[in-house]
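Asks: based on what follows, work out the 3D shape:
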Amino acid sequence: MENQRPLILISNDDGIIAKGISELIKFLRPLGEIVVIAPNAPRSGAACALTVTEPIHYQLLRKDVGLTVYKCSGTPVDCVKLAFHTVLDRKPDLVVSGINHGDNSSVNVHYSGTMGVVIEGCLKGIPSIGFSLCSHEPNADFEPAGPYIREIARQVLEKGLPPLTCLNVNIPNTKDLKGIRICEQTKGQWVNEWENFAHRGDTHYYWLTGEFENKDNENEKNDHWALDNGYVAITPTTVDVTAYSLIEDMKTWFNSPLQ
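Replies: Here you go, the predicted model:
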């Protein structure tokens, strides 16, 4: 049909009752028709995990003009796959994830269920964006981020994204946002990742914890620098993980047939 409003698919990893997804719906409703399918409970750290050992179930929670909301027993990626298979009546124009409670900058992109949604949308050929706020507070203030989220989504709806490329957007937890910076992914790693938790006398229990070790502190092009200095950090992210620069070099490693 001509003159259809854009169709926007929304999911997250904090679960359907998280404040962040409600705020995201509010910010994006002016841009198009919204379909939401999100986990029925938090799935943080799920990355691109799939449910393969049991069936999953989804349930309609709300249906209004321009907004339909479902919850799903599966992972964030399950939600997207199920939406494409059975929920949506047409191909979406945009897949959006978030707003995550906690940042997904730097290497967090690899662990994030928020970005699992985005990567799945990207693999299905849909322009996809993940939004995260640098606050883990359940009642975090998302309002300052609203105009930025709406404008970034509007631009992607209008201009699209290259194949196999998505956007990882992180927003500092401040009312005084300075603007947008297009960033590189910060180089770093998590260290001191486990804390011992003795349980009923058994010392072999551990809580996941950790500290981020920034190996790129002075680089003003990276996402951590942008966030530390009050900017919304947009990191264009590719899901093609081929190390093209190594291909030709590796061909010289095997210049004779293996016996």
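Asks: can you pull the contacts of the nearest residue to residue 106 once chain neighbours are set aside?
Replies: Distance criterion C-beta to C-beta, 6 or more residues apart in numbering; nearest residue to residue 106, sequence neighbours excluded, is residue 186 at 3.9 Å. C-beta: built from backbone N, CA, C; applies to glycine. Contact partners of residue 186, counting by C-beta atoms under 8 Å, 6 or more residues apart in numbering, are 105-107, 214, 216, 219, 222-225.
Asks: now do 6 Å
Replies: 106, 216, 222-224 (C-beta atoms under 6 Å, 6 or more residues apart in numbering).
Asks: identify the farthest-apart pair in these.
Replies: 216 and 223 (9.6 Å; C-beta to C-beta).
Asks: can you map out the strands along this protein?
Replies: 7-11, 33-39, 58-64, 67-72, 94-101, 128-133, 165-171, 180-182, 188-191, 194-196, 206-208, 211-214, 232-238 (DSSP state E).
Asks: what strands line up against the last one, and which way round?
Replies: Spelled out, that is strand 232-238. The pairing partners recorded for strand 232-238 under DSSP bridges are strand 165-171 (antiparallel), strand 180-182 (parallel).
Asks: indicate which one of those strands is closest to residue 200.
Replies: strand 165-171 (39.5 Å).
Asks: just want the angle from the closest one to strand 128-133.
Replies: Relative orientation of strand 165-171 and strand 128-133, computed by axes from the mean of the first three to the mean of the last three C-alpha atoms, to 10 degrees: 10 degrees.
Asks: dump the strands of the chain to CSV, plus mean pLDDT, mean neighbour count and distance to residue 157.
Replies: Putting the strands of the chain into CSV (pLDDT from 0 to 100; neighbours: other C-beta atoms under 10 Å; distance: least, C-beta to C-beta, whole Å) gives the following:
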stretch, mean pLDDT, mean neighbour count, distance to residue 157
strand 7-11, 98, 25, 8
strand 33-39, 98, 24, 12
strand 58-64, 96, 12, 21
strand 67-72, 98, 20, 17
strand 94-101, 97, 29, 6
strand 128-133, 98, 28, 10
strand 165-171, 97, 25, 12
strand 180-182, 97, 16, 17
strand 188-191, 79, 14, 32
strand 194-196, 87, 11, 42
strand 206-208, 85, 10, 37
strand 211-214, 78, 14, 33
strand 232-238, 97, 20, 15
